[in-house]
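# With the sequence up front, the predicted model follows.
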Amino acid sequence: MEDVAQAAGVSTATVSRFLNSPNRVAKETADRVQRAIRELGYRPNVFAQGLMTRKSHVIGILLPDIHGEFYSELLRGAAAEARRLGYHLLISSESGDGPATMLSSNVIGFMAGLAVMVTEPNEELWQQIKASGLPLVVIDEAIHANGLDRVLVDNASGTREAVNHLLASVRPEDMYFVGGPKGNFDTTERAAVFVQTIAHAGWTPSDEQVRYGEYTVEWGRKAAGALLQRVASRPIGVLAANDEIAFGILQAAQEAHVDVPARLRLVGFDDTRLASLMRPQLSTVRMPTADLGAHAVRVLIDRLAQPQRAGTLTTLPTRLVVRGTSGDPGTESGS
């Protein structure tokens, strides 16, 4: 910092002020400091800054996993928003020793707050998170606690829209939901809305019309085996709990020479890039995945600025995108 100050012809206090509150430094001076930083290749140590200012600009995000496009897109939105607001994002997952590492006292001491995605019941993890004492925002689960900020996705409206779309051309008794793990909060909610919507159409779904497995292509292929036996008599409609499951179902249908969408009408969930790469392109419920990560970061940083404010609940919208697997080939619409 002294080298930067000497090169820019300013005091070290001015350099420090520029690094921590650039809006408090005159533009001409700020330009000189920035030029000196660039020429000298200076990089401030964010942890040392926290010790000096007693204010950390590091926040954490803890996810169930970081594999797959859903999580990478969520992280893209979170990282971009953290960077825009002047914060650094520390990332970890529940796989392996992720939570133990992120929630250890050595790491907690550097973080100002934590965004955590909870997708299945996990009391042990939740107790660890609460014991951290960090300001929190919870993603994807409506945990009720005083002062807790929550950011959710409107699974219900997207699921209902998808099921009603399929019901326009498929009888309710020929409708199927292929979900992820039975304990997963998103799968549970989507399955419940699927059953409610079918019931509203005048049919009580049987147990075999709702199936649980994994959020994987392999599970989609496996689930498709039994379903494709039913298309000989009349078309069936399938709502998959994510695009990867839908891709597995589509692969199995094509290998069995089952015409999509004439005999199998298929809708996925998430609208990842995979949906537009399939042939025919996949109808799917569009999730605001990047917005989910960005909004969680925004809410967390707002909590840091206003620690005494009431907890908030934000629900982000979803919408059906109709493409070739449930409509006319080449069709794409947002309804």
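Structure's in. What do you need? Numbers count the residues shown, from 1 in each chain.

# which residues does His88 contact?
Taking Cβ atoms under 8 Å, 6 or more residues apart in numbering, we find His88 in contact with 46, 57-59, 82. Using the backbone N, CA and C atoms, a C-beta is placed for each residue, glycine as well.

# Could you identify the buried members of those?
For these, a neighbour count by 16 or more other Cβ atoms under 10 Å gives the buried set as 57-59, 82.

# tell me which of the residues you listed is nearest to Gly68?
Nearest to Gly68, judged by Cβ to Cβ, of these is Ala82 at 20.9 Å.

# For Asp259, grab the count of nearby residues.
With neighbours defined by other Cβ atoms under 10 Å, the count for Asp259 comes to 11.

# Likewise for Glu255?
For Glu255, the tally of surrounding residues (other Cβ under 10 Å) stands at 11.

# got it, and Arg319?
Other residues near Arg319 number 16, with proximity taken as other Cβ under 10 Å.

# same thing with Leu152?
Should you count by other Cβ under 10 Å, Leu152 turns out to have 18 residues around it.

# Pretty sure it sits in a strand.
Yes - counting by DSSP: H, G, I helix; E, B strand; the rest coil, one finds Leu152 located in a strand.

# I'd like the distance from stretch 29-48 to the chain centre, please.
Stretch 29-48 has its C-alpha centroid displaced from the chain centroid by 34 Å (Cα atoms, centre = their mean, to the nearest Å).

# helices and strands of this structure: which one has the lowest mean pLDDT?
helix 46-53 (a mean of 52; mean pLDDT, DSSP states H and E).

# what's the first-to-last distance across stretch 255-266?
Distances were taken as Cα to Cα, to the nearest Å; on that basis the terminal residues of stretch 255-266 are 16 Å apart.

# meant to ask about stretch 10-27
End to end - Cα to Cα - stretch 10-27 spans 13 Å.

# just stretch 173-180 next, same as before
Terminal residues of stretch 173-180 lie 21 Å apart, using Cα to Cα.

# Please compute how far that stretch lies from its chain's middle.
Relative to the mean C-alpha coordinate of its chain, stretch 173-180 is positioned 23 Å out (Cα atoms, centre = their mean).

# burial count for Arg83?
Applying other Cβ under 10 Å, we find 12 residues neighbouring Arg83.

# cool, the one 4 residues further on as well?
Other residues within reach of Tyr87, judged by other Cβ under 10 Å, total 21.

# Does it touch Val297 like I think?
Yes - in this structure, Tyr87 sits in contact with Val297. The criterion is Cβ atoms under 8 Å, and the distance is 7.5 Å.

# Find the residues that touch each one of those two.
Counting by Cβ under 8 Å, 6+ apart, the common neighbours of Tyr87 and Val297 are Ile59.

# Just the pLDDT for Asn106.
Confidence per residue is given as pLDDT, and for Asn106 that number is 59.

# Oops, could you answer that again for Ser206 instead?
On pLDDT, Ser206 comes in at 95.

# for the one 4 residues further on, same thing?
Taken from the predicted model, the pLDDT recorded for Val210 is 98.

# doesn't Gln196 make contact with it?
No - with contact defined as Cβ under 8 Å, Val210 does not count as touching Gln196 (11.6 Å).

# Same drill for those two, tell me which one is more crowded.
Val210 (21 against 15).

# If you drop the residues flanking it in sequence, what lies closest to the more buried one?
Taking Cβ to Cβ, 6 or more residues apart in numbering as the measure, Val210 lies nearest to Phe177, with 4.9 Å between them; neighbours along the chain are not counted.

# So what touches whichever strand or helix holds the one you found?
When elements are defined using DSSP states H and E, Phe177 is found to belong to strand 175-178. Residues outside strand 175-178 that contact it (Cβ under 8 Å, 6+ apart) are 163, 166-167, 190-191, 194-195, 198, 205, 209-211, 213, 219-220, 223, 227, 236-241, 245, 249.

# got the buried residues for it?
Under the neighbour-count criterion of 16+ other Cβ under 10 Å, strand 175-178 has 175-178 buried.

# Helices of the stretch 101-250 of the chain, start to end?
Using DSSP state H, counting those that start in this stretch, the helices of the stretch 101-250 of the chain run over 105-108, 123-131, 155-167, 185-200, 217-227, 243-255.

# is it possible to export those helices to TSV including distance to Val321?
Written out in TSV, the entries for the helices of the stretch 101-250 of the chain read as follows (distance: least, Cβ to Cβ, whole Å):
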stretch	distance to Val321
helix 105-108	39
helix 123-131	33
helix 155-167	10
helix 185-200	16
helix 217-227	19
helix 243-255	11
